[in-house]
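Visitor: build the 3D model from these lines:
(one chain, ligands or ions: 1)
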Amino acid sequence: MAVPRILIVGGGYVGMYTALRLQRRLRRGEAHVMVADFGSYMTYQPFLPEAAAGNIEPRHVVVPLRRILRSCEILSGTVESISLADRTARFQPHEGPAVTIGYDYVVVAPGSVSRLLPIPGLTDHGIGFKTVEEAIHLRNHVLGKLDLAASTPDERVRRRALTFVFVGGGYAGVEALGELEDMAADACRYFEGISRGDMRWILVEATDRILPEVGEDMARWTVQELRGRGIEVRTRTLLTSAENGHIVLDDGQEFDAETLVWTAGVKPNPVVAAGDLPLDEKGRVKATAYLRIKGTDFAFTAGDAAAVPDLTRPGLLCPPNAQHAVRQGRRLADNVLATIRGHTCTPYRHRDVGSVASLGLYQGVAQIYGRQMRGFPAWFMHRTYHLMRMPTFNKKSRILMDWTLGLLFPREIVSLGALQRPHQEFKVAGRS
Ligand SMILES: Cc1cc2nc3c(=O)[nH]c(=O)nc-3n(C[C@H](O)[C@H](O)[C@H](O)COP(=O)(O)OP(=O)(O)OC[C@H]3O[C@@H](n4cnc5c(N)ncnc54)[C@H](O)[C@@H]3O)c2cc1C
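Guide: Numbers count the residues shown, from 1 in each chain. Take a look at the predicted model:
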């Protein structure tokens, strides 16, 4: 009998934890597991703000799938479409022709992408904050702007370089802004003529509050804390244009900014719409509490791209966060195994324990099991919790080393922006 083939689309939280569990629990020859991902690494997203701030080396927040999934086949490239009807997926490697992959079981876990709005100039001048590449870019970019501001005699160029706008007040936006502002404020002392007060950091949020993940008290405290650092927090405000880097807000404010970070929400990865997967009104894959795709017994889904019923809050769906994604991945793997072995599947159930967010070195905010924390205890909780959760002993140790070295030595302040143009010097040499 042919060995069943399990295709996992996406090697992020859900994909990696599902594959890891299957790898540990499958008997020899029981199934062949394939993991298809753009990058062949899993990104531990909650550490992206710290990677952007230079507290953690960016390579330490990604987990190489090929190293930890030794019994799985890793496919680097893009899944373009998934067909349930004929149990195939269209896969495009980074180069060469696309191939059709047949499977017996499929796990759809491609996560989410930034939810953009049709705002003039947004795609040209904005950047998201979901990938390690974006975190590396932003660190280099912010330090590059300090370099520029310290080197130009032109007040307009300097003002524009020192203005940083973040749109979206969820934890991704608040943490990214908090950590980057903290890093830039620390770096200022090395840039002649620039002090913390010369920079303008602005958080724009459409609703009347930031951080919906923590209670209202903690959100209010966070606003005070950010404002105390000179950061402008503008709630009930919309970005209406970013054409040519000229920011226009609907409260009448207009100014130039060379940095625009868009963290105003996510939507399911569009690959789920390319094929015949059943989707809900928000484009998420319809799932049952068993993490099966509705109407199937061989297709599974979880994470940011899936609409999974939250059994602890009847009528509601699980929120798109890592807390659920990790646990769903493990439950999903057990249910795939149960299906292969003809056993009964178990529904997914997890009560949200809360959230932690860091706002820069020694500052944080948290709400865990209904208990609110702020300042140093919350920041410490953030680091401890995520260090424990970080996959592999290797990565945990490296991150711990980064933090320890950070206590002993100042942060690096060099902008390696030229990384994005590695051929430039060679080309210039060729022209001379
Ligand atoms: C900055 C930031 C901070 C966060 N902090 C927290 C936090 O503190 N706590 C918390 O609970 N959650 C946090 N989250 C949310 C959490 O990271 C996500 O909910 C979680 O990653 C979702 O897991 P997933 O497996 O669904 O998707 P991902 O982990 O995003 O994995 C999806 C994978 O699929 C791959 N992929 C996508 N499309 C394709 C395709 N077509 N072909 C091949 N591969 C594809 C991607 O490369 C990716 O590796 C944070 C998110 C961000 C961006």
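
Visitor: who's in contact with Phe409?
Guide: Applying Cβ atoms under 8 Å, 6 or more residues apart in numbering to Phe409 gives no contacts. The C-beta positions use only the backbone N, C-alpha and C, and glycine is treated the same way.

Visitor: what's the spacing between it and Gly228?
Guide: 27 Å (Cβ to Cβ, to the nearest Å).

Visitor: over to Phe376?
Guide: Taken as Cβ to Cβ, the span from Phe376 to Gly228 is 15 Å.

Visitor: likewise for Thr301?
Guide: Thr301 is 43 Å from Gly228, by Cβ to Cβ.

Visitor: now swap in Asp297 and tell me
Guide: Counting by Cβ to Cβ, the separation of Asp297 from Gly228 is 55 Å.

Visitor: next: Ala150.
Guide: Distance from Ala150 to Gly228, by Cβ to Cβ: 26 Å.

Visitor: so between the two, which is more surrounded?
Guide: Ala150 (17 against 8; other Cβ atoms under 10 Å).

Visitor: SS state for that one?
Guide: Counting by DSSP: H, G, I helix; E, B strand; the rest coil, the backbone at Ala150 sits in helix.

Visitor: quick one: pLDDT of it?
Guide: Here, the pLDDT recorded for Ala150 equals 96.

Visitor: dump the residue contacts of it.
Guide: Taking Cβ under 8 Å, 6+ apart, one finds 191-194 in contact with Ala150.

Visitor: relative to the ligand, how far out is it?
Guide: According to Cβ to the nearest ligand atom, to the nearest Å, Ala150 and the ligand sit 29 Å apart.

Visitor: can you check Glu134 too?
Guide: 9 Å.

Visitor: what about that residue, how many residues nearby?
Guide: 19.

Visitor: for the residue nearest the centre of the chain, give me its contacts.
Guide: Residue closest to the mean C-alpha point of the chain, counted by Cα atoms, centre = their mean, is Lys130 at 3.4 Å. By Cβ under 8 Å, 6+ apart, Lys130 lies in contact with 45, 48, 112-114, 172, 266.

Visitor: again, only this time at 10 Å
Guide: The contact partners of Lys130, taken as Cβ atoms under 10 Å, 6 or more residues apart in numbering, are 43, 45, 48, 111-114, 172, 263, 266.

Visitor: got it, and Val174?
Guide: Val174 is in contact with 49, 166, 168, 203, 205, 210-211, 213-214, 219, 222-223, 226, 231, 233, 263, 357-359, 365, counting by Cβ under 10 Å, 6+ apart.

Visitor: ChimeraX command to pick out the buried ones of those residues?
Guide: To isolate the buried members of the contacts of Val174 in ChimeraX, using 16 or more other Cβ atoms under 10 Å:
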select :49,166,168,203,205,210,211,213,214,219,222,223,226,231,233,263,357,358,359,365
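
Visitor: in helices, which of the contacts of Val174 appear?
Guide: 49, 219, 222-223, 226 (DSSP state H).

Visitor: same list, those, but as CSV with distance to Val99 and pLDDT please.
Guide: CSV is the format used below for the ones in helices among the contacts of Val174 (distance: Cβ to Cβ, whole Å; pLDDT from 0 to 100):
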residue, distance to Val99, pLDDT
Pro49, 37, 96
Ala219, 48, 92
Thr222, 48, 95
Val223, 51, 96
Leu226, 49, 96
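
Visitor: output the residues you listed as CSV; include the columns distance to Gly342.
Guide: Compiled in CSV, these are given as follows (distance: Cβ to Cβ, whole Å):
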residue, distance to Gly342
Pro49, 45
Ala219, 49
Thr222, 51
Val223, 55
Leu226, 55
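
Visitor: now those in a markdown table, with distance to the ligand?
Guide: Below are the ones in helices among the contacts of Val174 laid out as a markdown table (distance: Cβ to the nearest ligand atom, whole Å):
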| residue | distance to the ligand |
| --- | --- |
| Pro49 | 6 |
| Ala219 | 15 |
| Thr222 | 14 |
| Val223 | 19 |
| Leu226 | 17 |
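
Visitor: and whatever residue of the stretch 301-432 of the chain ends up closest to the ligand, what is it in contact with?
Guide: Residue nearest to the ligand within the stretch 301-432 of the chain (Cβ to the nearest ligand atom): Gly303, separated by 2.2 Å. By Cβ under 10 Å, 6+ apart, the contact set of Gly303 is 10, 12-15, 17-18, 107-112, 268-269, 284-285, 287, 291, 318, 320-322, 324-326, 328-329, 332.
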